[in-house]
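Visitor: sequence unknown, structure follows:
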């Protein structure tokens, strides 16, 4: 069994890649996908610690995170579609006013 | 012991490479496909970590439902190549510097605090099974479970309201 520290290190690396994606990419859909990558790296840490402490609660929390991520993606993509209809653009540098 | 390391390092390599693929690919479709590979690699990590139910939920919900939604919206909008360079010139170098600081601090904590690698005890055969998760979900975590169901309903209604075509202009 690989020690749990290596799973946390991998989780940190994936989280950094996701954060870098949010900061550098301008396509709103790719920014969303980077957020999913960050959520997923947190899930990996949850499951690794659940295995380490032999507690099922970590896995239940991963289940909740998945449900929240699904809700977030549904609303977020609906927002992107609505913005694209009015502005014909999803570059997040161009979306800087609340008016439609 | 050796087989554990081979599985871990191979999967970690796949996960990091597909993460970088998401970060660097110009085409949004390729980014989505890279993310699917990443989710699958992490699902196999869940299997190794004695979480079979979470692993299958990962494949079904993340790699299945969520990524299909992403690909559908990318193709619906024709947004494969939208979103060029940033208008702020200093943003990209600053982002790289901040990410390097984040990873350096994590490495510092990892080196200073990890100590000797603690051996992980074996778990019982039904640890992480659907029955065990369900029992915990419907006893200790019943209230969060119900709140999540309300959240999913609200998200569904919100998505429908946002994408509906308006009958009359307000």
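Guide: On my side now, so go ahead. Values in this document were obtained by computation on a predicted structure and should not be read as measured data.
Visitor: residue ranges with poor pLDDT in chain A?
Guide: With pLDDT under 70 as the threshold, chain A has low-confidence stretches at A:99-100.
Visitor: in it, what residue is nearest chain B?
Guide: Residue nearest to chain B within chain A (C-beta to the nearest C-beta): residue A:27, separated by 3.1 Å. Bear in mind the C-beta positions are built from the backbone N, C-alpha and C, glycine included.
Visitor: check contacts around the residue positioned nearest the centre of chain B.
Guide: When chain B is reduced to its mean C-alpha position, the nearest residue by C-alpha atoms, centre = their mean turns out to be residue B:39, at 6.2 Å. With contacts taken as C-beta atoms under 8 Å, 6 or more residues apart in numbering or on different chains, residue B:39 has the following neighbours: A:40, B:58, B:59, B:62, B:63, B:67.
Visitor: so which of the residues you listed belong to helices?
Guide: Of the contacts of residue B:39, the ones assigned to helices by DSSP state H are A:40, B:67.
Visitor: output the lowest mean pLDDT helix or strand found in chain B.
Guide: In chain B, the helix or strand scored least confidently by mean pLDDT, DSSP states H and E is helix B:91-113, which has a mean of 88.
Visitor: buried ones in the next helix or strand after that one?
Guide: Proceeding C-terminally, helix B:91-113 gives way to helix B:130-137 as the next helix or strand, assigned by DSSP states H and E. Buried residues in helix B:130-137, counted by 16 or more other C-beta atoms under 10 Å in any protein chain shown: B:132, B:133, B:136, B:137.
Visitor: OK, contacts around the first one?
Guide: I take that to be residue B:132. In this structure, residue B:132 makes contact with A:56, B:126, judged by C-beta under 8 Å, 6+ apart.
Visitor: confidence score at it?
Guide: The score at residue B:132 is 89. That number is its pLDDT.
Visitor: and for the last one?
Guide: If you check residue B:137, the pLDDT there is 91.
Visitor: contacts only, for residue 63.
Guide: With no chain named, the answer covers chain A. Residues near residue A:63 by C-beta under 8 Å, 6+ apart: B:54, B:57, B:133, B:137.
Visitor: that was the other one, I meant chain B.
Guide: Here residue B:63 is in contact with B:36, B:39, B:40, B:43 (criterion: C-beta under 8 Å, 6+ apart).
Visitor: those residues in helices, which ones?
Guide: Judged by DSSP H, the contacts of residue B:63 include B:36, B:39, B:40, B:43 as members of helices.
Visitor: any quick PyMOL command for the buried ones out of those?
Guide: The following PyMOL line selects those of these that are buried, judged by 16+ other C-beta under 10 Å:
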select buried, chain B and resi 36+39+40+43
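Visitor: quick revisit: now, which of the buried residues of helix B:130-137 sits nearest residue B:152?
Guide: residue B:137 (14.7 Å; C-beta to C-beta).
Visitor: reformat the ones in helices among the contacts of residue B:63 as TSV; add distance to residue B:4.
Guide: TSV is the format used below for these (distance: C-beta to C-beta, whole Å):
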residue	distance to residue B:4
B:36	25
B:39	22
B:40	19
B:43	17
